[in-house]
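# Attaching a predicted model along with its sequence, questions to come.
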Amino acid sequence: MTEMVRVSDDKKELTSEDHFLLDLLSYFEMLARLALAGRALRKLSSLTEDTFGYVTECAASVDQNAELAASLNVDRDVVAAHHDAADLMRSALKEAEAMADEAMEMAALFDEAATAHEADYGPIVESAQAKKGNLADRGYYANQ
(Lines give C-alpha, C1' and ligand atoms only; values in the text may rest on other atoms or scores of the structure.)
Protein backbone atom coordinates (compact mmCIF):
# COMPACT_ATOMS: atom_id res chain seq x y z
CA MET A 1 0.00 0.00 0.00
CA THR A 2 1.32 3.43 -0.97
CA GLU A 3 1.02 6.30 1.42
CA MET A 4 -0.24 9.58 0.06
CA VAL A 5 1.60 12.71 1.10
CA ARG A 6 -0.61 15.71 1.37
CA VAL A 7 0.85 19.04 0.40
CA SER A 8 -0.65 22.05 2.05
CA ASP A 9 -2.27 24.66 -0.15
CA ASP A 10 -0.84 27.35 2.13
CA LYS A 11 1.90 29.33 0.44
CA LYS A 12 4.94 29.86 2.57
CA GLU A 13 6.50 33.30 2.49
CA LEU A 14 10.16 33.26 1.62
CA THR A 15 12.46 34.53 4.32
CA SER A 16 15.30 36.92 3.68
CA GLU A 17 17.66 33.94 3.94
CA ASP A 18 15.64 32.14 1.25
CA HIS A 19 15.89 35.21 -0.97
CA PHE A 20 19.60 35.45 -0.29
CA LEU A 21 20.11 31.82 -1.32
CA LEU A 22 18.08 32.35 -4.48
CA ASP A 23 20.07 35.49 -5.28
CA LEU A 24 23.30 33.63 -4.61
CA LEU A 25 22.24 30.83 -6.96
CA SER A 26 21.25 33.36 -9.62
CA TYR A 27 24.61 35.11 -9.28
CA PHE A 28 26.63 31.93 -9.74
CA GLU A 29 24.32 30.68 -12.48
CA MET A 30 24.88 33.91 -14.42
CA LEU A 31 28.65 33.59 -14.04
CA ALA A 32 28.50 29.97 -15.19
CA ARG A 33 26.31 30.77 -18.19
CA LEU A 34 28.57 33.60 -19.29
CA ALA A 35 31.64 31.38 -18.95
CA LEU A 36 29.96 28.57 -20.90
CA ALA A 37 28.89 30.92 -23.67
CA GLY A 38 32.43 32.25 -23.98
CA ARG A 39 33.87 28.73 -24.00
CA ALA A 40 31.38 27.59 -26.66
CA LEU A 41 32.23 30.53 -28.90
CA ARG A 42 35.97 29.90 -28.53
CA LYS A 43 35.38 26.24 -29.43
CA LEU A 44 33.33 27.27 -32.48
CA SER A 45 36.12 29.58 -33.57
CA SER A 46 38.71 26.84 -33.06
CA LEU A 47 36.69 24.29 -35.04
CA THR A 48 36.22 26.78 -37.85
CA GLU A 49 39.91 27.59 -37.94
CA ASP A 50 40.75 23.89 -38.10
CA THR A 51 38.97 23.68 -41.45
CA PHE A 52 40.84 26.62 -43.00
CA GLY A 53 43.88 24.60 -44.06
CA TYR A 54 41.70 21.87 -45.50
CA VAL A 55 39.64 24.30 -47.60
CA THR A 56 42.78 26.09 -48.78
CA GLU A 57 44.30 22.76 -49.88
CA CYS A 58 41.07 21.73 -51.60
CA ALA A 59 40.89 24.98 -53.56
CA ALA A 60 44.52 24.65 -54.65
CA SER A 61 43.93 21.03 -55.65
CA VAL A 62 40.87 21.94 -57.73
CA ASP A 63 42.86 24.71 -59.46
CA GLN A 64 45.66 22.21 -60.21
CA ASN A 65 43.15 19.74 -61.59
CA ALA A 66 41.67 22.48 -63.78
CA GLU A 67 45.12 23.36 -65.10
CA LEU A 68 45.83 19.69 -65.77
CA ALA A 69 42.50 19.40 -67.58
CA ALA A 70 43.33 22.48 -69.65
CA SER A 71 46.71 21.00 -70.62
CA LEU A 72 44.86 17.87 -71.79
CA ASN A 73 42.58 20.00 -73.96
CA VAL A 74 39.47 19.39 -71.84
CA ASP A 75 36.51 21.59 -72.69
CA ARG A 76 37.06 25.22 -71.56
CA ASP A 77 33.70 25.26 -69.74
CA VAL A 78 34.78 22.32 -67.59
CA VAL A 79 38.09 24.03 -66.77
CA ALA A 80 36.28 27.28 -65.98
CA ALA A 81 33.79 25.43 -63.76
CA HIS A 82 36.68 23.98 -61.75
CA HIS A 83 38.29 27.41 -61.32
CA ASP A 84 34.89 28.81 -60.30
CA ALA A 85 34.56 26.04 -57.71
CA ALA A 86 38.01 26.86 -56.29
CA ASP A 87 37.10 30.57 -56.17
CA LEU A 88 33.89 29.70 -54.34
CA MET A 89 35.90 27.70 -51.78
CA ARG A 90 38.22 30.66 -51.21
CA SER A 91 35.23 32.98 -50.87
CA ALA A 92 33.63 30.65 -48.31
CA LEU A 93 36.96 30.54 -46.50
CA LYS A 94 37.02 34.33 -46.17
CA GLU A 95 33.51 34.26 -44.69
CA ALA A 96 34.50 31.46 -42.31
CA GLU A 97 37.56 33.42 -41.19
CA ALA A 98 35.37 36.44 -40.50
CA MET A 99 32.93 34.23 -38.57
CA ALA A 100 35.76 32.77 -36.49
CA ASP A 101 37.03 36.27 -35.70
CA GLU A 102 33.50 37.36 -34.70
CA ALA A 103 33.12 34.30 -32.47
CA MET A 104 36.38 35.12 -30.69
CA GLU A 105 35.29 38.74 -30.25
CA MET A 106 31.96 37.59 -28.82
CA ALA A 107 33.75 35.17 -26.49
CA ALA A 108 35.85 38.06 -25.22
CA LEU A 109 32.68 40.11 -24.67
CA PHE A 110 31.13 37.27 -22.66
CA ASP A 111 34.30 37.09 -20.58
CA GLU A 112 34.12 40.86 -20.01
CA ALA A 113 30.45 40.56 -19.03
CA ALA A 114 31.28 37.83 -16.51
CA THR A 115 34.11 39.90 -15.06
CA ALA A 116 31.86 42.97 -14.84
CA HIS A 117 29.07 40.94 -13.25
CA GLU A 118 31.47 39.55 -10.69
CA ALA A 119 32.90 43.02 -10.04
CA ASP A 120 29.42 44.48 -9.59
CA TYR A 121 27.91 41.77 -7.43
CA GLY A 122 30.83 39.76 -6.08
CA PRO A 123 31.56 42.11 -3.17
CA ILE A 124 27.87 42.12 -2.28
CA VAL A 125 27.75 38.34 -2.26
CA GLU A 126 30.94 38.13 -0.18
CA SER A 127 29.66 40.71 2.26
CA ALA A 128 26.31 38.95 2.63
CA GLN A 129 28.01 35.59 3.11
CA ALA A 130 30.29 37.00 5.80
CA LYS A 131 27.50 38.83 7.61
CA LYS A 132 26.59 37.41 10.97
CA GLY A 133 22.96 37.29 11.93
CA ASN A 134 19.88 37.65 9.77
CA LEU A 135 19.82 39.61 6.58
CA ALA A 136 17.51 42.57 6.31
CA ASP A 137 14.13 42.03 4.71
CA ARG A 138 14.19 42.63 0.93
CA GLY A 139 11.17 44.88 1.19
CA TYR A 140 13.19 47.35 3.21
CA TYR A 141 15.70 47.81 0.39
CA ALA A 142 13.04 47.80 -2.32
CA ASN A 143 11.39 50.84 -0.75
CA GLN A 144 14.57 52.89 -0.41
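Perfect, thanks for sending it. Keep in mind it's a predicted model, so treat the numbers as computed, not measured. Numbering: from 1, shown residues only.
# what's near enough to touch Asp23?
Counting by CB atoms under 8 Å, 6 or more residues apart in numbering, Asp23 touches Val125. Heads up, the C-betas are built off the backbone N, CA and C, glycines and all.
# so what's it scoring on pLDDT?
Per-residue pLDDT puts Asp23 at 83.
# measure it to Ala116 for me?
Distance of Asp23 to Ala116, computed by CB to CB, to the nearest Å: 17 Å.
# now do Lys43
When Lys43 is compared with Ala116 (using CB to CB), they lie 23 Å apart.
# Was I right to think Ala66 contacts Asp77?
No. Look at Ala66 against Asp77 with CB atoms under 8 Å: they stay out of range, at 11.3 Å.
# Between the two, which has more neighbouring residues?
Ala66 (20 against 8; other CB atoms under 10 Å).
# tell me how far the helix or strand containing Arg90 is from the chain's mean position?
When secondary structure is defined by DSSP states H and E, Arg90 falls within helix 76-130. Chain-centre distance of helix 76-130: 9 Å, with CA atoms, centre = their mean, to the nearest Å.
# what is the mean pLDDT for it?
pLDDT averaged over helix 76-130 gives 90.
# Who are the packing partners of it?
helix 16-71 (3 or more CB pairs under 8 Å, 6 or more residues apart in numbering; DSSP states H and E).
# got the angle for the helix it packs on vs helix 76-130?
Relative orientation of helix 16-71 versus helix 76-130 (axes from the mean of the first three to the mean of the last three CA atoms, to 10 degrees): 160 degrees.
# gap between helix 16-71 and the chain center?
For helix 16-71, the distance to the chain centre is 8 Å (CA atoms, centre = their mean).
# Could I get the contacting residues of the residue lying closest to Asp137 once chain neighbours are set aside?
Leaving out its chain neighbours, the residue that sits closest to Asp137 by CB to CB, 6 or more residues apart in numbering is Ser16, at 5.3 Å. The neighbours of Ser16, taking CB under 8 Å, 6+ apart as the test, are 134-138.
# Tell me how far Leu34 lies from His117.
Taking CB to CB as the measure, Leu34 falls 7 Å from His117.
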